[in-house]
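Give me a model of this one.
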Amino acid sequence: MTDGIRQEVLFFVTMKSTLCALLAFAAVALCADTKKAQRDFEQGVHLEQGGQWAEAYSAFTASLDAAPNAPAYLHRAKAQIALGNPEKAVDDLTEAIRLDPKDPEALRQRAEAYVKMGNHRGVIADLTAVFALGVETSALYALRGAAQEALG
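Sure, this is the predicted structure:
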């Protein structure tokens, strides 16, 4: 083996070791963030159940900062709605739906936020998607019917 080839092999072996170390470090950091995210999420649910919406919002935000996930976006949106911020709730619910497009609860919640905003087309679109996922209740059909009636 020539010196040039030896140096290239040594370079690639060194790079491989460095990449493995970086990946291991990232995995440890991700586990720590995931555990923090879970703790913050559970705290948020506890606060939500107690009707402490501002505190729940903060806990869900901390969970999302640690590790973005659909359930935390969904619950933070519930807090936003309770705090009178349906537009911000729609943003969170849209992100929850992007992360988990088959979650009928996120679609239903967004439809309800759209009701508060007077966005009848949004209500109809989201509830139609909920029905396509197999979730059908008379209350949801009534809500969609009211939105269709409002549009004329």
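
low-scoring pLDDT stretches of this protein, where are they?
Applying pLDDT under 70 to the chain flags residues 1-32.

As a check, name the ranges of all helices in it.
Along the chain, counting by DSSP state H, helices occupy 3-49, 53-66, 70-82, 86-99, 104-117, 120-132, 138-151.

okay, those in TSV with mean neighbour count next?
For the C-beta atoms, the positions are set from N, CA and C on the backbone; glycine is no exception. Formatted as TSV, the helices of the chain follow (neighbours: other C-beta atoms under 10 Å):
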stretch	mean neighbour count
helix 3-49	12
helix 53-66	20
helix 70-82	23
helix 86-99	20
helix 104-117	21
helix 120-132	19
helix 138-151	13
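
Just give me how far stretch 71-87 sits from the chain centre.
Relative to the chain's own centre, stretch 71-87 is displaced by 11 Å; criterion: C-alpha atoms, centre = their mean, to the nearest Å.

Distance from stretch 63-70 to the middle of the chain?
Mean C-alpha position of stretch 63-70 versus that of the full chain (C-alpha atoms, centre = their mean) differs by 7 Å.

Please work out which residues outside that stretch touch it.
By C-beta atoms under 8 Å, 6 or more residues apart in numbering, the residues outside stretch 63-70 that reach it are 30, 33-34, 36-38, 40-41, 44, 72-73, 76, 95-97, 99-100, 103, 106.

and if we set it to 10 Å?
The contact list for stretch 63-70, computed with C-beta atoms under 10 Å, 6 or more residues apart in numbering, reads 30-45, 71-73, 75-76, 92-93, 95-101, 103, 105-106.
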